[in-house]
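Student: My questions are about this predicted structure, shown below with the sequence.
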Amino acid sequence: MLAPAARTAHRHLDVDGVRVFYRESLPDRADAPVLLLLHGFPSGSHQFRSLIDLLGSRYRLVAPDYPGFGHTQAPDGFTYSFDRLADITEGFIQRLGLDRFVMYVFDFGAPIGFRIAERHPEWIAGLVVQNGNAYEEGLSDAARDFIGLTPETSGAEDTIRDMLTLAGTRSQYETGVTSPDLIAPDGWTLDQHFLDLPGRKEAQQALLFDYHSNVERYGHWQAWLRRHTPPALITWGSRDPFFPESGARAYLRDLPDAELHLFDTGHFALETHLPEIAPLIADFLDRAWTSSQARTRR
């Protein structure tokens, strides 16, 4: 049975001039397994609130907002690229003193997380992958069209700005969902609040123009998976309009022992299938953490 709702702290940590906001559960045990939650676009750590409530009394869940997202405050002139978001997230992990954790990667969290994993494989006790792509076959035609946009592409800025409207944000939550009434409106309305803050649309535009840098690193991340073979749990909304089911199955090529669970929903699978996904994560955390401790002792 899952534990009662957890106590959660809401804090800031200064990293290289960025005031990083993060949520952290306060589990009952000081030695509780650690799960680092890396959010996606266009959301922030708020997308994990319900998961933290369910699992946070048993596990230490840590969920930062990246620069350009949520409550994190970046200085004027900050360069918005996936390399820089990984730099700040890496610094955040070091400042917080985390040296071993299971990493949950969703959407933008995958390219950020895999950059960190390449730099610090010793940190990674396991992976939870939820609609976080690392394979060419995991890109839909719509995703490929977006990735192909450049500042020189005619109409590119208008295409991106349309995606950053309330209608565009809502559609990311609802597309592919068979029962939209299961999705609370709080997610997309809070996302839109943050997107409408000064400078945020420019930050998102810069990141979307930089997304090609992730695709260019897919081969490196796949090689990392084959070399380090971390325990992995893959939970995936199979109707994702950006990252289809083929992207989930592709992980099994490099991690044949990974657990794969597909759900009949869209991109934000936690919004509709949290009751099914949370127990899977809890069970996986227990096993991956025990396995990690055994490997460390050897």
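Tutor: Sure thing, it's come through. Residues are numbered from 1 along each chain as shown.
Student: So, low pLDDT: which residues of the stretch 151-298 of the chain?
Tutor: Along the stretch 151-298 of the chain, the model assigns pLDDT under 70 to residues 293-298.
Student: mind listing the helices for it?
Tutor: Listed in chain order, the helices of the stretch 151-298 of the chain (DSSP state H, counting those that start in this stretch) span 156-163, 166-174, 186-195, 200-209, 212-215, 218-228, 245-254, 269-297.
Student: In TSV, list these along with mean neighbour count and distance to G97.
Tutor: C-beta here means a position set from N, CA and C on the backbone, and glycine is covered the same way. Formatted as TSV, these follow (neighbours: other C-beta atoms under 10 Å; distance: least, C-beta to C-beta, whole Å):
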stretch	mean neighbour count	distance to G97
helix 156-163	15	37
helix 166-174	17	34
helix 186-195	18	28
helix 200-209	19	28
helix 212-215	16	28
helix 218-228	15	22
helix 245-254	19	30
helix 269-297	17	17
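Student: To R11, which of those helices lies closest?
Tutor: helix 186-195 (18.0 Å; C-beta to C-beta).
Student: For H10, which of the helices of the stretch 151-298 of the chain is the nearest?
Tutor: Closest to H10 of the helices of the stretch 151-298 of the chain, according to C-beta to C-beta: helix 186-195, at 14.3 Å.
Student: Tell me the helices and strands packed up against that closest one.
Tutor: On a contact count with 3 or more C-beta pairs under 8 Å, 6 or more residues apart in numbering; DSSP states H and E, helix 186-195 meets helix 166-174, helix 200-209.
Student: how about those helices in CSV, adding distance to T72?
Tutor: Output for those, formatted as CSV (distance: least, C-beta to C-beta, whole Å):
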stretch, distance to T72
helix 166-174, 18
helix 200-209, 11
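Student: For P256, find the nearest of the ones you listed.
Tutor: Evaluated over those, closeness to P256 peaks at helix 166-174, with 31.4 Å, by C-beta to C-beta.
Student: can you give me the angle the closest one makes with helix 269-297?
Tutor: 60 degrees (axes from the mean of the first three to the mean of the last three C-alpha atoms, to 10 degrees).
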